[in-house]
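*Asks:* Return atomic coordinates for the entry below.
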Amino acid sequence: MTTAPAPARPATALTWALRIAGAVLLAAMAWLHLDLWSDGYRTIDVIGPAFLLNAVAGFALAVLLLAVPRRLLARAAVLGALVAAGTLAALVVSTTVGLFGFVESTAAPLWWETFWVETAALVVLLALTVVARRRPA
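*Replies:* Numbers count the residues shown, from 1 in each chain. Now for the predicted structure:
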């Protein structure tokens, strides 16, 4: 007689849902920056290389969130949240007072999409950090 495997605990399901959502949002953030970089931002001093670095970091962090063992998940989530927060802060600063001599506008291509993706990534990754820090029952 065989027994059916136990269903996933709600905490495990929530953790994986947040992992996947965080990875998707980080990858979306990376794609947005890579797209903007290829559309001309690459020619802007400091900003161009920063966009390319953001794209590489976003894709790498997305993979890390899905691959890291459970014991290191909170650290990976914090790292992703810090990147999302820094990117969001740079977007806001570049739009309000300028950053490295570059002033952005909310009318720029993908500005609002970037704002909402980065905000959502920050919220999801902070939630994942809290969930991942809880001890399993």
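*Asks:* So which residue is smack in the middle of the chain?
*Replies:* In the chain, the residue lying closest to the centroid (C-alpha atoms, centre = their mean) is residue 26, at 3.0 Å.
*Asks:* Distance check, it against residue 128.
*Replies:* To residue 128, residue 26 is 11 Å away according to C-beta to C-beta, to the nearest Å. In short, each C-beta sits where N, CA and C put it, glycine included.
*Asks:* Look up the residues that both of those two are in contact with.
*Replies:* The contact sets of residue 26 and residue 128 overlap at residue 65 (C-beta atoms under 8 Å, 6 or more residues apart in numbering).
*Asks:* and the longest helix anywhere in the chain, what's its mean pLDDT?
*Replies:* Longest helix in the chain by number of residues (criterion: DSSP state H): helix 10-38. In this model, helix 10-38 has an average pLDDT of 94.
*Asks:* If we go by neighbour counts, what in the helix or strand just after that helix is buried?
*Replies:* As assigned by DSSP states H and E, the chain's next helix or strand after helix 10-38 is helix 47-67. Buried residues in helix 47-67, counted by 16 or more other C-beta atoms under 10 Å: 47-48, 50-52, 54-55, 57-59, 61-62, 64-65.
*Asks:* and the direction of helix 47-67 versus that of helix 10-38, what angle?
*Replies:* Inter-element angle recorded for helix 47-67 and helix 10-38: 160 degrees (by axes from the mean of the first three to the mean of the last three C-alpha atoms, to 10 degrees).
*Asks:* what's the following helix or strand after helix 47-67?
*Replies:* Going down the chain from helix 47-67, the next helix or strand is helix 73-96, by DSSP H and E.
*Asks:* Who are the packing partners of that following helix?
*Replies:* Applying 3 or more C-beta pairs under 8 Å, 6 or more residues apart in numbering; DSSP states H and E, one finds that helix 73-96 contacts helix 10-38, helix 47-67, helix 111-133.
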